[in-house]
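>>> Any chance you can model this:
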Amino acid sequence: MAVSGRKNGHVRRTISHAWLALPLLLTAALVALSVAIGAGDFSFAGLLAGTQSDAWQLLVVSRLPRTLALLLAGMSLAVAGLIMQMLVRNRFVEPSTAGTIEAATLGVLVLALLAPDTPVFGKMLVAAGFAMAGTFLFLGLLKRIPMRSPYMVPLVGLILGGVIQAVTTFFAFRHDMLQTLHAWTVGDFSGVLRGRYELLWIGAVLAFAAWVAADRFTVAGMGQQFTTNLGLNYKRLTFYGLLIVSAISAVVVVTAGSIPFLGLIVPNVVSILFGDNMRRSVPWVALLGGLFVLACDIVGRLVVYPYEIPIGTVVGIVGGALFLFLLLRGRSRDA
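Alright, predicted model coming up:
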């Protein structure tokens, strides 16, 4: 029996490694493709042969920073969505369906109106504060509205986000900043260069911190009474989790704009494939989040080459379709 158990464990580890190798290889292939695509003259052969004098500068200044920014944004936003779903205990919640992204955008607009010379790090802090305030407002509304269906939760979040976005649009219109607002609300990595994406490493660090505290967030997702019975501080865990979500949302909005539905789609796909163990899910969520964003960006760059479709538009179309699929799938299960 012991020999049989060891054999079964070895088989499970082999299958797990095989599953992991496929997305890693696909990510490596997409990274190479992302670096190679662009209007500038670039090729790996010319880079290695030394026949393209500006190839290294193009790689270091533009192509590689953009690819890294895509991976970091996708990984951190996907993990932020997973944390929010655990804390709210609803599969259809993520920063763009809870008013968090819209509140962060409002914070950036307020700072642009009152203190336009604020450094980028200061913008991130202000946007994170507004994002956290918007998230707590969302949670406060959930406590006051009877939830007869889990689909009411994202509906409340979308309505709240729409109200915040309407207020933001009003003030942007009054101060002739609609074009700037559009740049913030539509995710676009075309302007990402070396020196303009490094804040995203903060998001990656926060995602790693979420993985370290995965077991505690899982307990917090069981409810306040269960968490307290285990000797943990429920309110403190919720605050730390929402702080991570708000900071990640702010970093992405300040760097590249809004990327909708990412934190909703990827955690749900990982849950379907690998279950609800958060400690085991976080690496998969991060990997598939980066892979998904990278693939959508490549699609947006190739459809109308050499022009680009903003990644926020591509992710919105694909993510919206997958969101509807998950809703219909959930309703069919309930029926």
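
>>> roughly how far apart are the most centrally placed residue in the chain and Leu264?
Relative to the mean C-alpha position of the chain, the nearest C-alpha, by CA atoms, centre = their mean, is the one of Leu77, at 1.7 Å. Here the distance between Leu77 and Leu264 works out to 10 Å (CB to CB, to the nearest Å). Bear in mind the C-beta positions are built from the backbone N, C-alpha and C, glycine included.

>>> Report all helices and strands that the helix or strand hosting the residue nearest to the centre of the chain contacts.
Element membership for Leu77 (DSSP states H and E) is helix 64-88. Contacts defined by 3 or more CB pairs under 8 Å, 6 or more residues apart in numbering; DSSP states H and E place helix 64-88 against helix 2-36, helix 120-144, helix 200-212, helix 214-220, helix 234-256, helix 262-274, helix 278-302.

>>> between those helices, which one is nearest to Leu64?
helix 2-36 (6.4 Å; CB to CB).

>>> Does Phe189 belong to a helix, a strand or coil?
coil (DSSP: H, G, I helix; E, B strand; the rest coil).

>>> where in the stretch 101-250 of the chain is pLDDT low?
Low-confidence segments of the stretch 101-250 of the chain, defined by pLDDT under 70: 147-150.

>>> Which residue, other than its chain neighbours, is closest to Gly129?
Distance criterion CB to CB, 6 or more residues apart in numbering; nearest residue to Gly129, sequence neighbours excluded, is Gly107 at 6.4 Å.

>>> What's the local residue count around that neighbour?
Using other CB atoms under 10 Å, Gly107 has 27 other residues around it.

>>> The host helix or strand of it packs against which elements?
Here Gly107, judged by DSSP H and E, is contained in helix 100-114. Helices and strands touching helix 100-114, by 3+ CB pairs under 8 Å, 6+ apart, are helix 120-144, helix 152-174, helix 178-185, helix 234-256.

>>> where does Leu114 sit relative to Ser62, distance-wise?
From Leu114 to Ser62 the distance is 32 Å (CB to CB).

>>> Name the residues that touch the helix holding Gly107?
By CB atoms under 8 Å, 6 or more residues apart in numbering, the residues outside helix 100-114 that reach it are 84, 95, 118, 122-123, 126-131, 133-135, 137-138, 160-162, 164-165, 167-168, 171-172, 175, 177, 180-181, 184-185, 245-246, 249-250, 253-254, 258, 260.

>>> Now with 7 Å, please.
Taking contacts as CB atoms under 7 Å, 6 or more residues apart in numbering, the residues outside helix 100-114 that touch it are 95, 118, 123, 126-127, 129-131, 133-135, 161, 164-165, 167-168, 171-172, 175, 177, 180-181, 184-185, 245-246, 249-250, 253-254, 258.

>>> so how far is Ala69 from Gln88?
Wrong residue type there; residue 88 is Val, not Gln. For Val88, the distance to Ala69 - CB to CB - is 28 Å.

>>> With Ala103 instead?
Counting by CB to CB - Ala103 and Ala69 are separated by 22 Å.

>>> more crowded one of these two?
Ranked by neighbour count (other CB under 10 Å), Ala103 and Ala69 place Ala103 first, with 31 against 24.

>>> Which residue, other than its chain neighbours, is closest to that one?
Gly134 (2.6 Å).

>>> roughly how far apart are that neighbour and Ala127?
Taken as CB to CB, the span from Gly134 to Ala127 is 10 Å.

>>> any common contacting residues for these two?
Going by CB under 7 Å, 6+ apart, no residue sits against Gly134 while also sitting against Ala127.

>>> With Ala29 as the reference, name the closest of the helices and strands packed on helix 100-114.
The closest of the helices and strands packed on helix 100-114 to Ala29 is helix 234-256. By CB to CB, the value is 22.7 Å.

>>> residues of the closest one that come out buried?
Buried residues in helix 234-256, counted by 16 or more other CB atoms under 10 Å: 234, 237-238, 240-242, 244-256.

>>> With stretch 182-190 instead?
Under the neighbour-count criterion of 16+ other CB under 10 Å, stretch 182-190 has 184-190 buried.

>>> From the residues you listed, pick the one nearest Ile311.
Nearest to Ile311 among these: Gly187, at 4.9 Å, using CB to CB.

>>> Quick check: chain neighbours aside, which residue is closest to the closest one?
Distances taken as CB to CB, 6+ apart put Gly312 closest to Gly187, at 3.2 Å, once the chain neighbours are dropped.

>>> how many other residues sit next to that neighbour?
Using other CB under 10 Å, Gly312 has 23 other residues around it.

>>> Now do the contacts for it.
Here Gly312 is in contact with 186-188, 257-260 (CB under 7 Å, 6+ apart).

>>> Against Glu308, how distant is Val251?
For Val251 relative to Glu308 (CB to CB), the value is 22 Å.

>>> same deal with Phe261?
Phe261 is 20 Å from Glu308, where distance means CB to CB.

>>> Could you do Pro260 as well?
Pro260 is 18 Å from Glu308, where distance means CB to CB.

>>> Compare neighbour counts for these two and give me the winner.
Neighbours per residue, other CB under 10 Å: of Pro260 and Glu308, the larger number sits with Pro260, 25 against 20.

>>> The more buried one is in what secondary structure piece?
Judged by DSSP H and E, Pro260 forms part of no helix or strand.
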